[in-house]
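Chemist: build the 3D model from these lines:
(one chain, ligands or ions: 1)
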Amino acid sequence: MVSSLDEKRLEARRLPMAAALDKMEDQETSESAVESQVEEEGPVESTTHSIAQFSSKLRAMIRIRNKYQAIKKRRAEMAAGLSLSGSQPRSTSPKIFTFDTVTANSPPPLRNRKKKKKKRRVLFPSSSRRVVPTKESSRAKSCLVMLSLIVFLQVYNAIENLDDHVLKYDLEGLEKTLKREVFGQREASEELLERLSDYLSTYVHNKPLVLSLHGPTGVGKSHLGRILARHFRSVMSEQLVLQYFVLHHCPLEESATNCAWNLASRISEIVTLAEEEEKIPVFIFDEVEFMHRPLLDTLHGFFRSNRSSEYLNVIYMLISNLGQGEITKFVLQNSSSEVSMGRMWLRRDLGLLLRRTLEKHHPLWVETDIVPLTLLEKSHVMDCFLDEMTREGFYPDHVHIERLAGEILYYSVGQRQFSQTGCKQVVAKVNLL
Ligand SMILES: Nc1ncnc2c1ncn2[C@@H]1O[C@H](COP(=O)(O)OP(=O)(O)OP(=O)(O)O)[C@@H](O)[C@H]1O
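Modeler: So this is what the prediction gives:
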């Protein structure tokens, strides 16, 4: 495209050229006149010089004329091009005229052009100052971040602490021992572990943990008590675990008050020591069915939650055959419905039944978690024989074990046989071998 300025320039060039052409035409006529005059008058030396000068001027003029013709032609072509492109707006910016072809100046094809990035613009109202608003850091936002960080750290710390507590008592180790050494009491063992794990995961409690193990004779109550005492002695110090056998420590009723006083001071001593060591002491009372009233009352006092904090971080375990009649009856009656009702439901019902009986015996059982141990079946008794024989160095012959297990008395319910004395006689029978 050619701007108006270019046109003016062309025009300006064209005018002198046109004048020169007119002059050239005049000169051509005058040249012919001169030539005719020369023909008529003959060659003269002075005229020869002026003719040579004149012919060089003429050649220059012809060159200018040719250029002018070329420019004129190009203008005509450009005008034709403009009319073809139609409504394209003419650029108002000044352009430098060159003799390059139009195609050389034409814009490159679209695909070769780089995509221009869109500028993000902030639109301001005409009345306001054109200043980009400064980003204000929100204090509420930073406070929220800080708060969530603190909460996260506290939760993380609490979880770590919980893990630390449980790890300290090695409940996983205890679980393995129970699985290996206790037969036929899977639910009771699991319940026990669950209560211990819940309690031992934290050091701050609002009441002590009181577990009460009940079951018929020979089902492994004392056996469980011994395993627990051994375990806690190994993970804590000896002094923080007390095993109290009523028939051994306080057999006579007349000395019960004195026993109670001694027991209370012993408990206080151990609790204080445990508080210093930041550990939870364990008290295991066996043969509780023989415990006299003053001792039961003393224990009841320790189970209450109105005592100072060190007395709340304690585990008490009561072992007795109280309620054994109820357990035997319940197991035999529900042996066939175990699968249909589910063992957990039966255990819950049995627990409620036992609580009613035990609360009549002494109110301290209101504060306890009751863990019933069930009757052992013939297969469990055989496991007891196998274990005992291996321990005593006998070859564990299956036929021999079956014969020994057959000498024990059983309750028969359908296909199932429940031992009337659990594994109580196993040790004695193996000793006779
Ligand atoms: N469930 C069991 N698993 C392994 N061994 C057992 C089990 N029950 C009993 N025994 C064995 O039988 C012996 C006697 O058991 P334990 O003293 O625990 O009976 P108990 O339930 O306390 O009975 P009691 O109320 O008459 O004292 C134990 O030494 C133990 O070796």
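
Chemist: residue contacts, the closest residue to the ligand within the stretch 251-400 of the chain?
Modeler: Closest approach of the stretch 251-400 of the chain to the ligand (C-beta to the nearest ligand atom) occurs at residue 321, with a separation of 4.3 Å. Placement of C-beta: from N, CA and C, glycine included. The contact partners of residue 321, by C-beta atoms under 8 Å, 6 or more residues apart in numbering, come to 214, 215, 216, 217, 221, 289.

Chemist: going through those, which ones are buried?
Modeler: Buried residues within the contacts of residue 321, counting neighbours by 16 or more other C-beta atoms under 10 Å: 214, 215, 216, 221, 289.

Chemist: got the confidence number for whichever residue of the stretch 201-350 of the chain sits closest to the ligand?
Modeler: Distances between the stretch 201-350 of the chain and the ligand by C-beta to the nearest ligand atom are smallest at residue 220, namely 2.9 Å. The confidence metric pLDDT takes the value 94 at residue 220.

Chemist: quick one: neighbours of it, just the number.
Modeler: 25 (other C-beta atoms under 10 Å).

Chemist: for it, phi and psi?
Modeler: Residue 220 has phi and psi values of phi 110, psi 20 when expressed as degrees, to the nearest 10.

Chemist: just the ones in strands from the buried ones among the contacts of residue 321, please.
Modeler: Secondary structure assignment (DSSP state E) places residue 214 from the buried ones among the contacts of residue 321 within strands.

Chemist: in three-state terms, label the one residue in the stretch 301-433 of the chain that gets nearest to the ligand for me.
Modeler: Using C-beta to the nearest ligand atom, the closest approach of the stretch 301-433 of the chain to the ligand is made by residue 423 at 3.5 Å. Following DSSP: H, G, I helix; E, B strand; the rest coil, the label given to residue 423 is coil.

Chemist: compute the distance between it and residue 378, please.
Modeler: The span separating residue 423 from residue 378 equals 11 Å under the rule C-beta to C-beta, to the nearest Å.

Chemist: just residue 170 next, same as before
Modeler: Taken as C-beta to C-beta, the spacing of residue 170 relative to residue 378 amounts to 33 Å.

Chemist: and for residue 282?
Modeler: Distance of residue 282 to residue 378, computed by C-beta to C-beta: 34 Å.

Chemist: more neighbours: the two, which one.
Modeler: Set residue 282 next to residue 378 and count neighbours by other C-beta under 10 Å: residue 282 wins out with 25 against 17.

Chemist: thought the more buried one was touching residue 234?
Modeler: No - because the distance of 11.8 Å does not satisfy C-beta atoms under 8 Å, residue 282 is recorded as not touching residue 234.

Chemist: for residue 408, what are phi and psi?
Modeler: phi -90, psi 150.

Chemist: list the contacts of it.
Modeler: When the contact criterion is C-beta under 8 Å, 6+ apart, the partners of residue 408 are 378, 381, 419, 420, 421, 425.

Chemist: residues near the last one, how many?
Modeler: Here the neighbour count serves as a burial measure; for residue 425 (other C-beta under 10 Å) it reads 19.

Chemist: now it. Nearest residue, chain neighbours left out?
Modeler: Computed as C-beta to C-beta, 6 or more residues apart in numbering, the closest residue to residue 425 that is not its neighbour in sequence is residue 408, at 6.2 Å.

Chemist: what does the first one give?
Modeler: Sequence neighbours aside, residue 417 is the residue nearest to residue 378 in space, at 4.4 Å (criterion: C-beta to C-beta, 6+ apart).

Chemist: who's in contact with that neighbour?
Modeler: Applying C-beta under 8 Å, 6+ apart, one finds that residue 417 lies in contact with 377, 378, 410, 411.

Chemist: CA atoms only for the helix or strand hosting it, dumped as CSV, please.
Modeler: With secondary structure defined by DSSP states H and E, residue 417 is part of strand 416-419. The C-alpha atoms that make up strand 416-419 are tabulated as CSV, following Å, rounded to 0.1, in the frame of the first residue of the first chain:
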residue,chain,number,x,y,z
ARG,A,416,-19.6,-82.0,72.3
GLN,A,417,-17.9,-83.0,75.5
PHE,A,418,-17.1,-80.4,78.2
SER,A,419,-14.7,-81.3,80.9
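
Chemist: now the element after that strand, going C-ward?
Modeler: The C-terminal neighbour of strand 416-419 among helices and strands, as given by DSSP H and E, is helix 426-431.

Chemist: name the residues of the protein found near the ligand, please.
Modeler: Remark: the part of the chain in contact with the ligand comprises 182-185, 215, 217-223, 321, 376, 384, 422-424, 426-427, using C-beta under 6 Å from any ligand atom.

Chemist: among those residues, which ones are buried?
Modeler: 182-185, 215, 218-223, 321, 376, 384, 422-424, 426.

Chemist: the helices in the stretch 151-300 of the chain, which residues?
Modeler: Using DSSP state H, counting those that start in this stretch, the helices assigned to the stretch 151-300 of the chain run over residues 171-181, 186-200, 221-235, 246-249, 256-277, 293-303.

Chemist: distance to residue 330 for these - can I get that in JSON lines?
Modeler: As requested, these are arranged in JSON lines below (distance: least, C-beta to C-beta, whole Å):
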{"stretch": "helix 171-181", "distance to residue 330": "23"}
{"stretch": "helix 186-200", "distance to residue 330": "13"}
{"stretch": "helix 221-235", "distance to residue 330": "17"}
{"stretch": "helix 246-249", "distance to residue 330": "26"}
{"stretch": "helix 256-277", "distance to residue 330": "32"}
{"stretch": "helix 293-303", "distance to residue 330": "25"}
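
Chemist: ok, which of these comes nearest residue 336?
Modeler: Each of those has some distance to residue 336 by C-beta to C-beta; the shortest is helix 186-200, at 17.6 Å.

Chemist: model confidence for residue 42, exactly?
Modeler: The predicted local confidence for residue 42 comes out at a pLDDT of 44.

Chemist: same check, this time on the one 3 residues further on
Modeler: Turning to residue 45, the model gives it a pLDDT of 47.

Chemist: ok, now the one 5 residues further on?
Modeler: For residue 50, the pLDDT comes out at 58.

Chemist: one more: residue 363?
Modeler: We note a pLDDT of 92 for residue 363 in this prediction.

Chemist: count the neighbours of the closest residue to it other than its chain neighbours for me.
Modeler: What sits nearest to residue 363 in space, not counting adjacent residues and going by C-beta to C-beta, 6+ apart, is residue 300, at 6.6 Å. Applying other C-beta under 10 Å, we find 16 residues neighbouring residue 300.

Chemist: what's the spacing between residue 300 and residue 54?
Modeler: Going from residue 300 to residue 54 by C-beta to C-beta gives 148 Å.
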